[in-house]
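1. Following is a predicted model, sequence given first.
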Amino acid sequence: MPRYFFDVNDGCNQRDDEGVLCADLQRAVFEAKKLLPQIAADEVPKDGERQAITVLVTDEDGRAVYMAALSYTGTWLIR
């Protein structure tokens, strides 16, 4: 079973040195999609009203195979 790595960027890079065994690339993509909302639940934009969180999936050879992103944008309606 291949190992995939899920590097997270939420304003700073967090390298995944452990990885996860996944049956195939489709399962790794599913895991990346599940990971984003879990991270966003604990991350509140600290600087302004915009923040993007990305998960870069790489295979055992270090090749990027998928990237998922979630963005937050807040807009003041009154001032």
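-> Cool, got the structure. Numbering: from 1, shown residues only.
2. Please count neighbours and contacts with C-alpha atoms only from this point.
-> Fine.
3. Spit out the contact partners of the residue nearest to the spatial centre of the chain.
-> Per C-alpha atoms, centre = their mean, the C-alpha nearest to the average position across the chain is that of V55, at 2.3 Å. By C-alpha atoms under 8 Å, 6 or more residues apart in numbering, the contact list for V55 reads F6, D7, V8, N9, A32, L35, L36, M67, A68, A69.
4. May I have the beta-bridge partners of it?
-> Note on V55: beta-bridge partners by DSSP bridges are V8, A68.
5. Distance of it relative to I78?
-> 34 Å (C-alpha to C-alpha, to the nearest Å).
6. Equivalent analysis for A32, please.
-> Distance from A32 to I78, by C-alpha to C-alpha: 36 Å.
7. what does F6 give?
-> Distance of F6 to I78, computed by C-alpha to C-alpha: 39 Å.
8. quick one, which of these two is more surrounded?
-> Set F6 next to I78 and count neighbours by other C-alpha atoms under 10 Å: F6 wins out with 26 against 4.
9. so the more buried one touches T54, yeah?
-> No. Using C-alpha atoms under 8 Å as the test, F6 is too far from T54 to be in contact (9.6 Å).
10. quick one on the thing from earlier: state the distance from the residue nearest to the centre of the chain to L77.
-> Relative to L77, and taking C-alpha to C-alpha, V55 is found at 31 Å.
11. Name the nearest residue to E18, sequence neighbours excluded.
-> Spatial nearest neighbour of E18, excluding adjacent residues (C-alpha to C-alpha, 6 or more residues apart in numbering): F5 at 7.0 Å.
12. Please identify the helix or strand for the one you found.
-> Following DSSP states H and E, one finds F5 within strand 3-9.
13. And for the closest residue to R3 other than its chain neighbours, the neighbour number?
-> Using C-alpha to C-alpha, 6+ apart and skipping the chain neighbours, the partner closest in space to R3 is L21 (4.3 Å). A total of 13 residues lie near L21 under the criterion other C-alpha under 10 Å.
14. and L21, what is it in contact with?
-> Listed by C-alpha under 8 Å, 6+ apart, the contact set of L21 reads M1, P2, R3, Y4.
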